[in-house]
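[1] Can you look at this prediction? I've put the sequence above it.
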Amino acid sequence: MKKLITTILALTVACSFLLACSKAPDVSKLKDGVYSCSVTVNGGKENEVIQSPATINVVKGGPTAVIVWNTCNVEYMIVKGQRYDPINSSKQTAGGEAEKAYSRFVIPMDFDMDFPVSALTSDVDAENPIEYVLYFRSSTLGAPNTTKRK
């Protein structure tokens, strides 16, 4: 009987520990810094993807995400009714592979909810923005990068 009680107690402690570790962080209390976070995208065409994890910048409690598309043809994004232009469209070459171009945006974001955005992608439809839904999962939030930028 003593062994059974000890086993039940040990399992209870282990379960409590696992539940505490798996909880999403309280994103309203994030300190200023640079984080990483898993992001998924739905909508548009299957070959349109964004880089995940995304870089999340928190300044004075307000998070923004750096969205990197797999194309340089995203001309702008609309988030919460506001237009965002790319911060750059750059070509990167890795290990002798063919050049690949990317469009980067800094946009406001919210965690753990469907986050609708639109993007005008000239290689898909040069006149009508395409609707997407982003999802930033706070349970995947990486520790802040404390390295000072020069």
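    Received it, and whenever you're ready, just let me know what you need. Numbers count the residues shown, from 1 in each chain.

[2] Next up, the contacts around the nearest residue to residue 84 once chain neighbours are set aside.
    Nearest residue to residue 84, sequence neighbours excluded (C-beta to C-beta, 6 or more residues apart in numbering): residue 77, at 4.7 Å. Quick note: C-beta positions are derived from backbone N, CA and C, even for glycine. Listed by C-beta atoms under 8 Å, 6 or more residues apart in numbering, the contact set of residue 77 reads 67, 83-84, 105, 107, 117-120.

[3] Kindly point out the strands partnered with the helix or strand where residue 77 lies and how each is oriented relative to it.
    Assigned by DSSP states H and E, residue 77 belongs to strand 74-79. Here strand 74-79 has these sheet partners by DSSP bridges: strand 82-84 (antiparallel), strand 115-121 (antiparallel).

[4] sorry, back to before: next one: the residue nearest to residue 84 from residue 132, what distance?
    Using C-beta to C-beta, to the nearest Å, residue 77 is found at 9 Å from residue 132.

[5] anything in contact with each of those two?
    117-119.

[6] hey, C-alpha coordinates of the lengthiest strand in the chain in CSV?
    Longest strand of the chain, by residue count under DSSP state E: strand 33-43. Below are the C-alpha coordinates for strand 33-43, written out as CSV (Å, rounded to 0.1, in the frame of the first residue of the first chain):
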residue,chain,number,x,y,z
GLY,A,33,13.7,41.6,-27.0
VAL,A,34,13.9,39.4,-30.1
TYR,A,35,12.2,36.0,-30.0
SER,A,36,11.4,33.2,-32.4
CYS,A,37,7.9,31.7,-32.8
SER,A,38,6.4,29.1,-35.1
VAL,A,39,4.0,30.6,-37.6
THR,A,40,1.7,28.8,-40.1
VAL,A,41,0.0,30.3,-43.1
ASN,A,42,-3.3,29.1,-44.7
GLY,A,43,-4.9,30.4,-47.9
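
[7] Can you list the buried residues in that strand?
    34-37, 39, 41 (16 or more other C-beta atoms under 10 Å).

[8] sorry, back to before: which of the shared contacts of residue 77 and residue 132 lies at the shortest distance from residue 57?
    For the shared contacts of residue 77 and residue 132, the residue nearest residue 57 by C-beta to C-beta is residue 117; the value is 17.2 Å.

[9] what sits opposite that closest one in the beta ladder?
    Under the criterion used (DSSP bridges), residue 117 bridges to residue 79, residue 132.
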